[in-house]
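> need a structure here:
(chains A and B)
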Amino acid sequence: NAGVTQTPKFQVLKTGQSMTLQCAQDMNHNSMYWYRQDPGMGLRLIYYSASEGTTDKGEVPNGYNVSRLNKREFSLRLESAAPSQTSVYFCASSYNRGRHNEQFFGPGTRLTVL
Amino acid sequence: AQSVTQLDSQVPVFEEAPVELRCNYSSSVSVYLFWYVQYPNQGLQLLLKYLSGSTLVESINGFEAEFNKSQTSFHLRKPSVHISDTAEYFCAVRTSSGGSYIPTFGRGTSLIVHP
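You can find the predicted model right below:
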């Protein structure tokens, strides 16, 4: 079991460039999430997906798009990167019902936008 | 709506000393409560959780947390910390019935253990 995997681990972009962060989980979870983590701000939810084929905005969705490709994969796209998007991005997955509903997190992608 | 407050952004402590990381929440419905730990340059991982039953829950590495419904708190404690406990700790809450299953996280507490 690899758990939640994310690629790439590090990325440097110039302002205006685009990129896609990839996330996959092998735990058969129905829900997946994208967070950003900034110093002093904790975790902020960007987008989430309750199940394959559905996505919803979180707290800070502006400047991002997502795709739930299938049950395993959930990607985050920055169409035109801005320095304010410099952050560490975490993908997570979980069941969304029942008692075993804790989230499992990937190792993160450290993104710098110059 | 629910919210989580972690009262301390940073807690420095000496090795083998006791520590308490504070977490208070607000919610109009019953909740599940979680503590996650994030070691440097890693993702978050679950430390312990309260779902129901005994209000005192324990982790495998000596941490414990007590759910106090009247105080709406879920403070994390360890009687004797190790250098290896240096990490960021996040408290999270989600509703246990109905409503959104999306958890709300606190801003985190950085535990710094000095030799």
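> Give the residue spans of chain B that score low on pLDDT.
Scanning chain B for pLDDT under 70 picks out the ranges B:97-100.
> where do the strands sit along the chain?
Picked chain A for this. For chain A, applying DSSP state E gives strands covering A:4-7, A:10-13, A:19-25, A:31-38, A:42-49, A:56-57, A:64-68, A:74-78, A:87-94, A:104-105, A:109-113.
> Chain B, not that one
B:3-5, B:10-14, B:19-21, B:24-26, B:31-38, B:44-50, B:56-58, B:64-68, B:73-78, B:87-95, B:104-105, B:109-114.
> mind putting those strands in a markdown table, distance to chain A and mean neighbour count included?
Backbone N, C-alpha and C define where each C-beta goes, glycine included. As requested, the strands of chain B are arranged in a markdown table below (distance: least, CB to the nearest CB, whole Å; neighbours: other CB atoms under 10 Å in any protein chain shown):
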| stretch | distance to chain A | mean neighbour count |
| --- | --- | --- |
| strand B:3-5 | 9 | 16 |
| strand B:10-14 | 10 | 13 |
| strand B:19-21 | 14 | 19 |
| strand B:24-26 | 14 | 17 |
| strand B:31-38 | 6 | 23 |
| strand B:44-50 | 4 | 20 |
| strand B:56-58 | 12 | 14 |
| strand B:64-68 | 14 | 18 |
| strand B:73-78 | 14 | 21 |
| strand B:87-95 | 7 | 23 |
| strand B:104-105 | 5 | 22 |
| strand B:109-114 | 10 | 17 |
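> re earlier: can you check which of the strands of chain A gets nearest to B:Phe63?
Closest approach to B:Phe63 among those (CB to CB): strand A:104-105, 18.2 Å.
> List the strands paired with that closest one, with their directions.
In the sheet containing strand A:104-105, its partner strands are strand A:87-94 (antiparallel), by DSSP bridges.
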